[in-house]
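the sequence and its predicted three-dimensional model are supplied below.
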Amino acid sequence: DTGVSQDPRHKITKRGQNVTFRCDPISEHNRLYWYRQTLGQGPEFLTYFQNEAQLEKSRLLSDRFSAERPKGSFSTLEIQRTEQGDSAMYLCASSPPSGAPYNEQFFGPGTRLTVL
Amino acid sequence: AQSVSQHNHHVILSEAASLELGCNYSYGGTVNLFWYVQYPGQHLQLLLKYFSGDPLVKGIKGFEAEFIKSKFSFNLRKPSVQWSDTAEYFCAVKGGGYNKLIFGAGTRLAVHP
């Protein structure tokens, strides 16, 4: 499968614990995005990387959230001191380099986080 | 700030009925517009997109959408739905020089045989 992959698919944690999610984009895609989706809502943008540079960040991304893409390939999203309000589906997407015709973002299956 | 409104949260149709899902966005500049679909248990996938040119765009599975700039709308249509179209549909906009997508809240479509 050459699509976007995310790991783990499900994570249950207790309030106050730290969690880390991983995203592997489509191999030739240099752009990577994180979104969060809660029940009954569309995905909300969290952050965007072009290669290893984090170029856009939402105000939703509090100081408990940090994302990295150290070598411009896979990315991690860490949430420190989780709260029940962090329970959501965390989606990763990737897209090809600028200039590619009709850029679209390809989404992964998501990581469902439940904070107890 | 950019936003997207999807007017119908739940739509129930019988097979062969026609479908139109509304989408309005708020942004005055150049936009790229998308419709994504999420089938039960699957991840988001692109149905169709508008970047420029002909405002009537055709996507996969017989779907089409019309960009009406004066109305800030990008409604999704299908002349005859099938049971397999049961899914959640999301409208999204990209603009303002940003790379992020702004999504609407989604419309859950149920098609009854």
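Structure received. Numbering: from 1, shown residues only, chains lettered A, B, ... in the order given.

could you use CA atoms for every contact and neighbour count after this?
Noted.

ok, the residue positioned nearest the centre of chain B to chain A distance?
By CA atoms, centre = their mean, chain B has its centre lying nearest to B:Trp35, at 3.6 Å. Using CA to the nearest CA, to the nearest Å, B:Trp35 is found at 11 Å from chain A.

hmm, B:Glu88 and that residue touching each other?
No: applying CA atoms under 8 Å as the test, B:Trp35 and B:Glu88 come out as separate, 10.5 Å apart.

where do the strands sit along chain A?
For chain A, strands defined by DSSP state E occupy the ranges A:5-7, A:10-13, A:19-24, A:31-37, A:44-50, A:53-57, A:65-68, A:75-79, A:88-95, A:106-107, A:111-115.

what's the mean pLDDT across the second one?
So the one you mean is strand A:10-13. Averaging pLDDT along strand A:10-13 yields 98.

buried residues in it?
A:Lys11, A:Thr13 (16 or more other CA atoms under 10 Å in any protein chain shown).

from the chain's centroid, how far away is it?
Centre-to-centre, strand A:10-13 and its host chain are 15 Å apart (CA atoms, centre = their mean, to the nearest Å).

show me what contacts B:His7?
Contact analysis of B:His7 by CA atoms under 8 Å, 6 or more residues apart in numbering or on different chains lists B:Leu21, B:Gly22, B:Cys23.

for A:Thr111, see how far away the second one is.
Separation of B:Gly22 from A:Thr111 (CA to CA, to the nearest Å): 29 Å.

same check, this time on the last one
Relative to A:Thr111, B:Cys23 is positioned 27 Å away (criterion: CA to CA).

up against chain A, what does chain B have?
B:42-46, B:49, B:51, B:90, B:99-106 (CA under 8 Å from any CA of the partner chain).

now do 7 Å
B:42-45, B:51, B:90, B:100-106 (CA under 7 Å from any CA of the partner chain).

thinking again about what came up before, using TSV, please lay out the strands of chain A together with distance to B:Ser14.
Formatted as TSV, these follow (distance: least, CA to CA, whole Å):
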stretch	distance to B:Ser14
strand A:5-7	35
strand A:10-13	34
strand A:19-24	39
strand A:31-37	29
strand A:44-50	32
strand A:53-57	42
strand A:65-68	44
strand A:75-79	42
strand A:88-95	31
strand A:106-107	30
strand A:111-115	32
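
make a markdown table out of those strands and add distance to chain B.
Below are these laid out as a markdown table (distance: least, CA to the nearest CA, whole Å):
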| stretch | distance to chain B |
| --- | --- |
| strand A:5-7 | 11 |
| strand A:10-13 | 13 |
| strand A:19-24 | 14 |
| strand A:31-37 | 8 |
| strand A:44-50 | 6 |
| strand A:53-57 | 8 |
| strand A:65-68 | 16 |
| strand A:75-79 | 17 |
| strand A:88-95 | 9 |
| strand A:106-107 | 6 |
| strand A:111-115 | 11 |
